[in-house]
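Student: Turn this into a structure:
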Amino acid sequence: MLDPLYSRFRLDDEDDDEDDDKEKDKKERQSPGLGEKLFKARMILLFGGINDKVSREITAQMLAMAADSDEPIKLVINSPGGHVESGDTVHDLIRFIKPRVQVIGTGWVASAAAHIFLGAYREDRYCLPNTRFLLHQPMGGVRGPAVDIDIEATEIIKMRERINRTIANETGQPYEKVVKDTDRNFWMSAEEARAYGAVTHIVRSIDEVL
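Tutor: Numbers count the residues shown, from 1 in each chain. Below is the predicted model of the structure:
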């Protein structure tokens, strides 16, 4: 069972899709060599909603690859976002381990996934041409006594400020502009994300990932 505080804070408003997880697990069982091939290629796939399970899997793969070699790791992201704390774990680990982590956005990189994407150093941020990016403030669904609601509202405000400062620091945008942009859903195309400072390289081939 998720910790109540943990489960409240999300960077998106999508429910975790258990059917997608089951289908993913089924496909992975049918392709037993896929994980080994990805490990040898030092490539990690982050697809779908971000929760504690996904965060643990990504963290385990990153740590295993870091123990195996100092060669760069490629993290491919296509995600609508999810739990803030789960995103924080992967975001922080990207710079915690010794190997460089090159993030490659595809499809959409939204909310907590965008937070993870910004965990990579600016020169290590790539995306494919049709990738879309979404930035916005944390969302909460708090119920209970008024005093508890007040406490959680304060936490959401603090979390929002922290995430906005991270976006400002990692993109080079003024903090005040980021606050305004993330007040509502802020969508960007690949080109717009590059102009904003979130993406450095728009690539069409793996050969362009340095």
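Student: In contact with Ala190, which residues?
Tutor: The contact partners of Ala190, by CB atoms under 8 Å, 6 or more residues apart in numbering, come to 105, 127-133, 199, 202. Yep, even glycine has a C-beta here, placed from its N, CA and C like the rest.
Student: swap the cut-off to 10 Å and go again
Tutor: The neighbours of Ala190, taking CB atoms under 10 Å, 6 or more residues apart in numbering as the test, are 105-106, 109, 126-133, 198-199, 201-203.
Student: Going through those, which ones are buried?
Tutor: Restricting those to buried positions leaves 105-106, 109, 126-128, 131-133, 198-199, 201-203, with burial counted as 16 or more other CB atoms under 10 Å.
Student: Let's have those in JSON lines, adding pLDDT.
Tutor: Supplementary listing: the buried ones among the contacts of Ala190 in JSON lines, determined by pLDDT from 0 to 100:
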{"residue": "Gly105", "pLDDT": "98"}
{"residue": "Thr106", "pLDDT": "98"}
{"residue": "Val109", "pLDDT": "98"}
{"residue": "Tyr126", "pLDDT": "98"}
{"residue": "Cys127", "pLDDT": "98"}
{"residue": "Leu128", "pLDDT": "98"}
{"residue": "Thr131", "pLDDT": "98"}
{"residue": "Arg132", "pLDDT": "98"}
{"residue": "Phe133", "pLDDT": "98"}
{"residue": "Ala198", "pLDDT": "98"}
{"residue": "Val199", "pLDDT": "98"}
{"residue": "His201", "pLDDT": "98"}
{"residue": "Ile202", "pLDDT": "98"}
{"residue": "Val203", "pLDDT": "98"}
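Student: Looking at those residues, which are in strands?
Tutor: The members of the buried ones among the contacts of Ala190 that map onto strands under DSSP state E are 105-106, 109, 126-127, 132-133, 201-202.
Student: Nearest to Arg42 among those?
Tutor: Nearest to Arg42 out of those is Tyr126 (CB to CB; 14.7 Å).
Student: which residues touch that closest one?
Tutor: Contacts of Tyr126 were listed using CB under 10 Å, 6+ apart, and they are 74, 76, 102-106, 117, 120, 190, 199-203, 206, 208-210.
Student: Wait, Asn130 touches Ala193, no?
Tutor: No - counting by CB atoms under 10 Å, Asn130 sits too far from Ala193 to count as a contact (11.9 Å).
Student: Between these two, which contacts overlap?
Tutor: When contacts are counted by CB under 10 Å, 6+ apart, Asn130 and Ala193 have 105, 202 as shared neighbours.
Student: Thanks again, I'm all set now.
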